[in-house]
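# I would like to see how this sequence folds:
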Amino acid sequence: MARLPFRNRVEAGRALGRALRLLADRRDVVVLGLPRGGVVVAFEVAQALHVPLDVMVVCKLGVPGQEEVALGAIASGGVRVLDRQLIETLDIPSETIEALTTERRAEVERREHLYRGERSPLDVAGKVVILVDDGIATGSTVRAAVSALRERRPARIIIATPVAPASVCTELRREADELVCVAQPENFFAVGQWYWNFSQTSDEEVRELLDRTSKVGVTHAA
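Below is the predicted model:
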């Protein structure tokens with residue numbers, strides 16, 4: 001069991017990096033961070049493993065009038081994932097779905113440009129992708145990200161997080177090829193309760209971390 005709560009996302013990321021150390025210095029491994037806080041954790045993981053880092057932006061498509069219920073998601077790379085069964089059950093018109101898609105796709109593109117600038121997304125085809133968030137409460141965003149990543153044909157998807165409830169970890173193991181979670185505490189109410197400092201991460205900080213990674217580059221062991 002990790003020492004909880006974590007001091008901050010940096011400490012949590014370093015703990016996660018140690019848990020993933022067997023993947024260090026591999027040319028077929030990339031790390032994707034979920035904004036915003038997940039990128040801070042992902043940066044530490046990428047640094048520890050000496051592998052590339054990129055951002056994975058996901059925007060939920062909410063059911064009209066019940067926006068908390070996801071009928072699908074739009075993710076980095078323009079990938080759209082839809083819950084066809086839910087759409088059919090609720091009889092949501094295709095025009096409504098297309099309008100939502102256009103709106104949320106524009107938001108994904110805006111945020112990608114904000115974070116990545118003119119750099120192209122990392123090619124994950126045939127790669128081992130480590131998908132990182134700073135904590136997982138329900139898993140809905142991570143599930144959408146995994147579904148979208150499948151469309152980009154990675155060799156494996158590993159969900160990695162410092163902290164999540166055991167029940168959610170069990171569910172997510174069925175979604176990905178592997179799940180790595182440093183701590184699975186009982187009485188889980190919110191991710192923030194497992195950090196001493198869980199202050200909001202800014203867009204500027206996300207951009208700075210991605211810029212630092214791209215400038216430094218990655219050196220693999222021979």
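# Next one, pLDDT for the residue lying farthest from the centre of the chain please.
For the chain, the C-alpha farthest from the mean C-alpha position belongs to D91; by C-alpha atoms, centre = their mean, that distance is 30.1 Å. Here the pLDDT value assigned to D91 is 94.
# Pull up the gap between it and G139, please.
Distance, D91 to G139, using C-beta to C-beta, to the nearest Å: 27 Å. The C-beta positions use only the backbone N, C-alpha and C, and glycine is treated the same way.
# do the same with E205
24 Å.
# And E95, by the same measure?
E95 is 30 Å from G139, by C-beta to C-beta.
# before we move on, the earlier item: comparing E205 and G139, which shows the higher neighbour count?
G139 (20 against 16; other C-beta atoms under 10 Å).
# Leaving out chain neighbours, which residue sits closest to the more buried one?
V168 (4.8 Å; C-beta to C-beta, 6 or more residues apart in numbering).
# Wasn't the one you found part of a helix?
Yes - membership of V168 in a helix is supported by DSSP: H, G, I helix; E, B strand; the rest coil.
# what's near enough to touch it?
Counting by C-beta atoms under 8 Å, 6 or more residues apart in numbering, V168 touches 136-139.
# all strands of this structure, in order?
29-33, 53-55, 58-63, 66-75, 79-82, 128-132, 156-163, 178-183 (DSSP state E).
# Tell me which of those sits nearest to G192.
Comparison of these against G192 by C-beta to C-beta identifies strand 156-163 as nearest, at 10.2 Å.
# Which elements pack onto the closest one?
Counting contacts by 3 or more C-beta pairs under 8 Å, 6 or more residues apart in numbering; DSSP states H and E, strand 156-163 packs against helix 9-19, helix 37-49, strand 128-132, helix 140-150, strand 178-183.
# Leaving out sequence neighbours, find the closest residue to P162.
A12 (3.8 Å).
# give the contact list for the one you found.
6, 41, 44, 134, 162-163, 182, 195.
# Now flag whichever of those is closest to R212.
Nearest member of these to R212, counting by C-beta to C-beta, is E44, at 11.8 Å.
# who touches the residue nearest to that closest one when sequence neighbours are not counted in this structure?
Distance criterion C-beta to C-beta, 6+ apart; nearest residue to E44, sequence neighbours excluded, is G13 at 2.7 Å. With contact set as C-beta under 8 Å, 6+ apart, G13 has these partners: 40-45, 48, 132, 162.
# Just the buried ones from those residues, in ChimeraX syntax?
The buried residues among those can be selected in ChimeraX (16 or more other C-beta atoms under 10 Å) with this line:
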select :40,41,42,43,44,45,48,132,162
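# do you know how far the spatially most central residue of the chain is from D133?
Central residue of the chain (C-alpha atoms, centre = their mean): L34, 3.3 Å from the mean position. L34 sits 5 Å away from D133, going by C-beta to C-beta.
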